[in-house]
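> model the structure of this input:
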Amino acid sequence: MSTTSILFNPWDRPPVPRRGDDDQDRTYCGVGRVVSEWETIELELGHLYSLFEGKFGNPGTVQDYGASPMFADRVARLVKAKERFFARNPNRELDAEFCEMLERIRKYADRRHDVAHGIVRPIIWAFGSGVSSATGDLPFHYCVVAPDYKENRFDENHQPIYAYTWPEMMQIQGALHGAAHEVMRYKRKLADLIDAGKLKP
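Just a heads-up that it's a prediction; the model follows:
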């Protein structure tokens, strides 16, 4: 079984497991869950962008958020829309709430990148005999690790700095799910204030 511990922050990397998944399909399923959950966050940010632009829910405006293939560029577009919105609606508390939320999402993005740009491999190929054996009649056990060309994902001993199995990826998915709902709640709060005439669209 994979070793897990309580994380100091929900966006921190889980500890490297000592054993991989028995079934590689389970590992691939974990990858899909993490990537799909991240896209839920992005969709909610797109809707928030449309609200900041005064066209809440407009499909074309939501798609404008996603015009760039780079997350950093999409965030920059969102921040500029936020600045225009709060220029019309000065509110330090709501502005600060957005900035704190976005900072957390940037940290969650790192875990999404680990998974989306990782590769499913037998864990022993990545870490050697220090993890579950795949010799003799014993089966391979699988995990997601960085591909060998990702130099910044390896330590000074050329060991991957992360490995995720199903339990770790479900932990990451849960954190991303919480982040998506945080964006939804913030978006709903602003929409309700607009509907009540307390903020300008």
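> from now on I want contacts and neighbour counts done on CA atoms only, so please keep to that.
Will do.
> for the chain, which spans come out with low pLDDT?
Across the chain, residues meeting the criterion (pLDDT under 70) sit at 1-7, 129-139.
> now the helices for it?
Applying DSSP state H to the chain gives helices spanning 24-52, 59-65, 71-88, 92-116, 123-127, 166-195.
> so for Asn157, which of these sits nearest?
Taking C-alpha to C-alpha, helix 123-127 is the member of these nearest to Asn157, at 10.8 Å.
> okay, buried residues for that closest one please.
Within helix 123-127, the residues scored as buried using 16 or more other C-alpha atoms under 10 Å are Ile123, Ile124, Ala126, Phe127.
> pretty sure the first one is touching Cys143, no?
Read that as Ile123. Yes: the pair Ile123 / Cys143 is scored as a contact, 5.6 Å apart, by C-alpha atoms under 8 Å.
> give me the common contacts of the two.
Contact criterion C-alpha atoms under 8 Å, 6 or more residues apart in numbering; residues shared by Ile123 and Cys143: Gly20.
> before we move on, back to that, closest to Asp148 out of the buried residues of helix 123-127?
For these, the nearest to Asp148 is Ala126 (9.3 Å; C-alpha to C-alpha).
> what sits against that closest one?
Residues near Ala126 by C-alpha under 8 Å, 6+ apart: Val145, Gln159, Pro160.
> would you mind checking those residues for buried ones?
Val145, Pro160.
> out of the contacts of Ala126, which sit inside strands?
Members of these lying in strands (criterion: DSSP state E): Val145.
> can you list the contacts of Ala126 in JSON lines and add distance to Met70?
Listed next are the contacts of Ala126 as JSON lines, based on distance: C-alpha to C-alpha, whole Å:
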{"residue": "Val145", "distance to Met70": "22"}
{"residue": "Gln159", "distance to Met70": "28"}
{"residue": "Pro160", "distance to Met70": "25"}
